[in-house]
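**Q** Generate a structure from the sequence data that follows.
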Amino acid sequence: MIEFFFKYPRSVFNDSEFIFASGWPLWILAVLLFAFFVTLLVIMARRPGNMKGYQLGTIGFIQLLMLAVVLIVVWQPALVSERLLSGENAVAIMLDTSGSMTFNEGGATRMDQAQALLTPDSLAGIADIYNILPYGFADSANTMDAFSILPGPGTATNLGQSVLQTLRQASGASLGAVILVSDGADNSGAISQSELSEIASFGVPIHSVGIGRESIPEDLELSEILLPEKALPGTTLSARVAIRHDQGGSARVKVYDGDTFLTTQDIVLGNDQNMTLAFVDIEVPEPGQLDLRFTLDPINNESNLANNTRSRVVDVEESRYKVLYVEGEPRWEYKFLQRALNDDPSIQLSTLLKVTPNKYYRQGIERPEQLENGFPEERAELFNYDALIIGSLNAAELTSEQHAMIRDFVSDRGGSLMMLAGLNGLGLGGWGETVVNEILPSRLNADNAAFVREKAPVTLTDSGRLAPMLQFSDSESENERLWSELPEIADHQQLGPLRPAATTLLGVNVEGRIQPLLVTQPYGKGQSYIMATGGTWRWQMSLPVADMRHETFWRQLTRGLVANSPRPFELTSRVQNEEISVRAQVRDPDAEENQGLEISAVVSSENSDVVSLDLQPVPGQHGVYEASFTPNQTGLYSIEAISRVGESLVSATTTAVRYDEGQEIFNVRQNRPLLERISLLTGGQYWSPEQWDEIPEAISYSTAGITEQQISYLWDAPFFFLLLILLKTAEWLLRRHWRTI
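**A** Presented below is the predicted three-dimensional model:
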């Protein structure tokens, strides 16, 4: 429509400057209009005829507009733009040759659609004016002889680096523009801001042509699986599943360990979203590896089933996590908590019980010198534990340095802290006046921290119902019943205001009002908890001997404390594209004895291949060491690293699996937002394949190559003549209406 009225498309106006080509001063135009206006007023004042004042004014205004249009045409309005000089510039055409372009849509692949745009006849409009530089790209860009001769489908796509490679290689050829023909799929992680900035710095407009459908209603995709790399035996893993879809309905996820079926879950897919998140709980068996396979049942008419399956591996560690429990007075909670955890094969519980002002009773120690001076006095000693439980202990029993160590244990080490209520615990114990108060989910103070000895029932909160550590049964209703039947606790401690990030998992019903009982919040790299009672032991005393709910509660809660706690020396792996990266992390790397470490790793595969790696420090990340290797084939790889931490040699293991899933089978929908972002950032445009014929004209307005100035006249645009006819017709109709002609 714009081109019909004004001769040129919108792109010409966007890239041009408006001028009057006659060269006559604009003040003359203004003087002529003013003179006509004054003359018109004089004539109307002397010869009003039978017209009223407002009628004279309206007719005069219309005539003034007609004169203005005529004068503007006489002044020759025009657009001045820089146009690429014909025959002196090059245009790079990038064709996506990755595996996602083999996706079949309506009987033809995306590559078929793209090649139909790149035939000699289709390229004639560009080839007649510019030198065409053909490129193909997947994980990198390479020159091509012709678009009819293609390499094999790429196994991964790195769009950002491919565009940069093309710009660097073609920048010496008077590059005027880049045409990017792609579905926008990128599985390199993401195009970084630095890559986008470098792409924009070349000043070359990138015109992207989107291939493929943006919506595929008949396809479900298992987009992502998030779950921990490590787990404890006897715990429950909560896997976050992301399902991509373009219509509502339902989906069913099944989980297998190798060929062994584990669990299934039905998920409702919303109509108003294209990504649904759900959690699937998986029971963790004996130590070893879980070779997990997640599959989506196909929906009606779904033909692409390759993106319905994803695999993950989880290490189920046999080693025991270390927990330190410090209690300030002999009490029943200490005895029953210790009894519940001592039989847990995943937990190594060490306890300190204050029995006299200067003496602690130690239990669960591994060597005679462990904790011989009471609470740890050195960071390295405290950081050797994964979780810390502090009971009814007055804060004054520890030094300010030890308070700071507890804070750092959570924020820097990534450990978990749980504080229990008691006569000398929490606010009553003066902890609100220490730096430990900073990390807790409630602001402690002594004014409102009364330790109340009254019976009250414990209730699950909405968040607690979803917490794996608080599950007595897989059935939600059964779990609710088992909690509601627990005996009442006989004491609880009032807490101060909760912090914004705090989550209440358990409450206590005090005269019809629910008060927080079990509260948690993340802090730094770790997690802090408050259990505002010292009376859970009554569950064990009041329940039948065979009822294990008290033991189950403390074992699951303690496993929750340590499940995400990083070990003092930890090894992780990551598989990206065809490479496996191995990373070692040394906690408390600032300790002098942990400086200048040498870390080596041995990688062994199922086919007995062995690879040795020397892990190197990562610049700017203290205590982090990395190395990578490219495996010869798919399968399971076991990795073990050995290092010195402090005075001891320690080892850590992890597992990596290189699956032959094929990254290009995921994210098959056209990623139009990414293509539009690249084009907008560089001054280009996004086009559909149907708009291919419009691209040559848009390219010509690039200023990146060798340009010449071009003037596009507007004085003969239909708009001006139509406007004159419209104004004159309006005047005639008004005069007829007012009966003045």
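**Q** Parallel or antiparallel, list what pairs with the helix or strand containing Ser311.
**A** Using DSSP states H and E, Ser311 sits in strand 309-316. Sheet pairing here is set by DSSP bridges, and for strand 309-316 it gives strand 230-231 (parallel), strand 288-296 (antiparallel).
**Q** Quick check: Thr58 vs Leu40, distance?
**A** From Thr58 over to Leu40 the distance is 12 Å, taken as Cβ to Cβ, to the nearest Å. C-beta here means a position set from N, CA and C on the backbone, and glycine is covered the same way.
**Q** circling back: quick check: buried residues in the strand holding Ser311?
**A** 309-310, 312-316 (16 or more other Cβ atoms under 10 Å).
**Q** what do you get for stretch 192-212?
**A** 195-196, 199, 202, 204-212.
**Q** and what of stretch 517-529?
**A** For stretch 517-529, by 16+ other Cβ under 10 Å, it's 517-521, 523-524, 526-529.
**Q** Next: stretch 403-415.
**A** 403, 405-415.
**Q** Distance from it to the middle of the chain?
**A** 27 Å (Cα atoms, centre = their mean, to the nearest Å).
**Q** if we look at it, which residues are touching it?
**A** The contact list for stretch 403-415, computed with Cβ atoms under 8 Å, 6 or more residues apart in numbering, reads 376, 379, 382-383, 385-388, 390, 395, 398, 416-417, 434-436, 438-439, 523-528, 564-566, 587-588.
**Q** what about the closest residue to Asn300 other than its chain neighbours, distance to Asn301?
**A** Closest residue to Asn300 apart from its sequence neighbours, by Cβ to Cβ, 6 or more residues apart in numbering: Glu218 at 7.6 Å. Look at Glu218 and Asn301: by Cβ to Cβ, they are 5 Å apart.
**Q** hey, where'd the helices end up in the stretch 101-250 of the chain?
**A** 110-117, 120-127, 159-170, 193-201 (DSSP state H, counting those that start in this stretch).
**Q** Would you mind finding the most buried of those helices?
**A** helix 159-170 (a mean of 21; mean count of other Cβ atoms under 10 Å).
**Q** and that one, how far from the chain's centre?
**A** Counting by Cα atoms, centre = their mean, helix 159-170 comes out at 25 Å from the chain centroid.
**Q** Repeat that for stretch 533-547.
**A** With Cα atoms, centre = their mean, you get 44 Å for stretch 533-547.
**Q** host element of Ala698?
**A** Applying DSSP H and E, one finds Ala698 within helix 695-699.
**Q** Which one's more surrounded, Glu218 and Asn301?
**A** Glu218 (13 against 8; other Cβ atoms under 10 Å).
**Q** That one: what's it in contact with?
**A** Counted by Cβ under 8 Å, 6+ apart, Glu218 has contacts 299-303.
**Q** Select only the buried ones of those in ChimeraX?
**A** Listed next is the ChimeraX selection for buried residues among the contacts of Glu218, using 16+ other Cβ under 10 Å:
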select :299,302
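**Q** residues in contact with stretch 518-532?
**A** Under Cβ under 8 Å, 6+ apart, the answer for stretch 518-532 is 409-421, 426, 438-442, 464, 492-495, 498-499, 501-506, 508, 515-517, 561, 564-566.
**Q** ditto for stretch 681-695
**A** Taking Cβ under 8 Å, 6+ apart as the rule, stretch 681-695 contacts 9, 11, 113, 116-117, 122, 125-126, 177-179, 196, 199-200, 202-211, 672, 675-676, 678-680, 698, 702.
**Q** quick revisit: out of the strands paired with strand 309-316, which is the most enclosed?
**A** strand 230-231 (a mean of 20).
**Q** next one: phi and psi at Val452?
**A** Val452 adopts backbone torsions of phi -100, psi 130, taken as degrees, to the nearest 10.
**Q** And Gly635, by the same measure?
**A** phi 140, psi -170.
**Q** Does it touch Val657 like I think?
**A** Yes: with contact defined as Cβ atoms under 8 Å, Gly635 counts as touching Val657 (7.2 Å).
**Q** higher neighbour count, the two?
**A** Each of Gly635 and Val657 has its neighbours counted (other Cβ under 10 Å); Val657 has more, 18 against 15.
**Q** do you know how far that one is from Leu517?
**A** If you go by Cβ to Cβ, the gap between Val657 and Leu517 works out to 41 Å.
**Q** so how many other residues sit close to the closest residue to Gln402 other than its chain neighbours?
**A** Leaving aside its sequence neighbours, Gln402 sits nearest to Phe375 (Cβ to Cβ, 6+ apart; 5.9 Å). Per other Cβ under 10 Å, the neighbour tally for Phe375 reads 21.
**Q** unless I'm mixing things up, Phe375 is touching Leu398, no?
**A** Yes: contact between Phe375 and Leu398 holds when scored by Cβ under 8 Å: they sit 5.8 Å apart.
**Q** Let me see the contact set for Ile2.
**A** Counted by Cβ under 8 Å, 6+ apart, Ile2 has contacts 8-10, 13.
**Q** Of those, just the buried ones, PyMOL syntax please.
**A** Those of those that count as buried under 16+ other Cβ under 10 Å are selected in PyMOL with:
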select buried, resi 8+13
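**Q** okay if I get the contacts of Ile2 as a markdown table plus pLDDT and distance to Asp246?
**A** Shown next, in a markdown table, are the contacts of Ile2 (pLDDT from 0 to 100; distance: Cβ to Cβ, whole Å):
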| residue | pLDDT | distance to Asp246 |
| --- | --- | --- |
| Tyr8 | 77 | 38 |
| Pro9 | 73 | 33 |
| Arg10 | 74 | 31 |
| Phe13 | 74 | 36 |
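**Q** and which of the contacts of Ile2 is nearest to Pro153?
**A** Pro9 (36.4 Å; Cβ to Cβ).
**Q** And that closest one, its phi and psi?
**A** phi -70, psi 170.
**Q** In contact with it, which residues?
**A** Taking Cβ under 8 Å, 6+ apart as the test, what Pro9 contacts is 2-3, 694, 697.
**Q** again, only using 6 Å
**A** Residues near Pro9 by Cβ atoms under 6 Å, 6 or more residues apart in numbering: Glu3.
**Q** about what we covered before: just the contacts of stretch 518-532: which are in strands?
**A** The strands, defined by DSSP state E, take in 416-420, 492-493, 503-506, 508, 515-517 from the contacts of stretch 518-532.
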